[in-house]
Structures are given as C-alpha cells and as structure tokens.
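Asker: predicted structure and sequence below. I'll ask about it afterward.
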Amino acid sequence: MKKALDPKTFDWITVAEYANRYGAKLDAMGAENKRQPTLCPVCRGAMTTVSENSPGDRDAVFRHVEARTNPKTPWCILRESTRWKYEGLTPTVPDVARGRLIRQSFLTNWQKHWAIIKNRVTLPGIEFFISAIRLADKSRVWEHRDLQECLMPYILMSMLEFPPPVGVAANRRTHTERYRFGGAIRTYEDLWFKTTGEFNMIAVEYEPAIPPKRVATVVLDIRKIDINLDFLEHDIPADLYAHPRQVVMMQNAFHI
Ligand SMILES: [Zn+2]
C-alpha cells in the first residue's frame, strides 16, 4: 500500500511522510529505529514498510505485519490482494423459488439499482452492470437464503474489478478500483449473518497491474462508500436515469 494511517493522528500518510514524522528505518549507526507502526485503514492492524532503503524511495510501500509473526493480526480484505474475489458466491443451500422472485424484481427495478452503482463507482459503464448480472446468474447469487434485493447493487459492485477505462474516458480514471465490504465480511452470507443489518463498504484504488503481473496489488487510496438501503422505496434522481442507449442494451441483454 502506498499509504497507511499515522498511528497518532490517523492521517493517511506515505512512507516518505512516515519517515519524516517518525524517523528513518535505520539510525545513523545502521540499527533499526523503533518506530510506532502505521495502521491499516481497514483492519487497523500494524503495518511495516517494504523497500524503504533510502529516504524518499519511490517504490517504498506499507505491508501488513505478517500473521505468522504476529498472531493478533486480524483478517483483512486488503491483505488478500492476490485472491481478491469474495468467497461463497454460489449459495450452499440455495432457495431457488425466492431467487427467481428477487431476480425478477431486480430486473423490474434495474434503473434504481443502476442509479446506486452509477452514483458510487467512478465511470462504471453499463457493460459492467450487464456482466455483473450475468455473473450473478451463473453463480446463482440471487438464490442466497435471506438475501434482500436492496443489497444487490453493493454485491454486484463487489463481484468485478474496474480496470482504468479505455478510449475517450481514459484520462478520467487511471487506477483500477475494487469495492470491498468492511469488517469481517468474507462471504455474501456474512452480510446478513455477521452484521445487524449495517455494514461498511470501501472503494480501494490500485495501481493497475503491469503485464506479466495479472493482479493489481499496490493500494493507492481508499474511500468510504455511502450505503443506502431504502432506495427501492424512492424515485430515481433525474440525473441518474439511464441513457436511452443503456436502456436498449439492458433490454437486449435480459429481454425486459
Ligand atoms: Zn488491513
């Protein structure tokens, strides 16, 4: 991660800023300086620096203190960067009939779901929405027992990653984005079994993976996502209506 939380002020700081505030990694005698570790903004676990060889080293990043050396290290979605997809996409005990109803209702309300996503993701593209619904169909996400329709836009956001857009929008977002649930949520069912109905979500911005590396792992920034669960009961704000071209694409994709 390019940044982590200052252990005292909780500011979001770089390795260079950390060295300025808490001293360099090594003292003048070459011995390791005992510095208070920075914290992960998601799990608040201790972080250590990597590649901090010279002051202001541009490749220096923060990394979680290994769970092996520190048994108190909490589970954290940001540590799982090479295996970033949520577990439990397909329900173990599906409720087929209810799943069919949720999917039907979702497709009736698709503009409301799309508005939630459009308002939170930087340049999502309707193609993303269509592929996320197809992935939900393939993995039968709708059939999770106790799934509420209002969770669907957040679940869809968390299923795919968003590489930088290409073409005319290319300079409007140059990083890769992933959307993650906070706390101990590791599977979709944790959303209703491990919370009391309230959960956090964050957008994590990554440096795009450079070939041959296939997975983006360097975190650049994190922002909090606003959760709205009663959107199905309200009208869509006028500026979030789908474009007629998007409506046609949705009709063609799902025969609605
Ligand atoms: Zn963490």
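Answerer: Cool, the structure landed. Numbering: from 1, shown residues only.
Asker: okay, CA-based contacts and neighbour counts for the rest of this
Answerer: Fine.
Asker: is any part of the helix or strand hosting residue 4 close to the ion?
Answerer: Assigned by DSSP states H and E, residue 4 belongs to strand 3-5. No - against the ion, strand 3-5 shows no contacts by C-alpha under 5 Å from the ion, the least distance being 9.5 Å.
Asker: tell me which residues are up against that strand.
Answerer: By C-alpha atoms under 8 Å, 6 or more residues apart in numbering, the surrounding residues in contact with strand 3-5 are 11-15, 38-41, 47, 61-62, 219-221.
Asker: with stretch 115-125 instead?
Answerer: Defining contact as C-alpha under 8 Å, 6+ apart, one finds that stretch 115-125 is touched by 153-154, 157, 162, 165, 173, 225-226, 231, 236, 240-242.
Asker: what about 7 Å?
Answerer: Stretch 115-125 has contacts (C-alpha atoms under 7 Å, 6 or more residues apart in numbering) with 153, 225, 236, 240, 241.
Asker: show me where the chain dips below the pLDDT cut-off.
Answerer: Scanning the chain for pLDDT under 70 picks out the ranges 54-57, 67, 70, 72-73, 81-84, 87-88.
Asker: name the residue of it with the shortest distance to the ion.
Answerer: Nearest to the ion in the chain, going by C-alpha to the ion, is residue 43, at a distance of 4.1 Å.
Asker: burial count for that residue?
Answerer: Neighbour count of residue 43, defined by other C-alpha atoms under 10 Å: 18.
Asker: then residue 172?
Answerer: Residue 172, neighbours per other C-alpha under 10 Å, totals 12.
Asker: domains of the protein?
Answerer: Following automatic domain parsing, one gets these domains for the chain: 3-74, 96-254.
Asker: okay if I get those as TSV plus distance to residue 80?
Answerer: What follows is the domains of the chain, written out as TSV (distance: least, C-alpha to C-alpha, whole Å):
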stretch	distance to residue 80
domain 3-74	11
domain 96-254	9
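Asker: quick one: residues contacting residue 46.
Answerer: 37, 38, 39, 40, 64, 65.
Asker: got it, and residue 7?
Answerer: 36, 37, 38, 39.
Asker: now do residue 48
Answerer: Residue 48 touches 37, 62, 63, 64, 65, counting by C-alpha under 7 Å, 6+ apart.
Asker: mind checking what secondary structure it has?
Answerer: Of the three states, residue 48 takes strand under DSSP: H, G, I helix; E, B strand; the rest coil.
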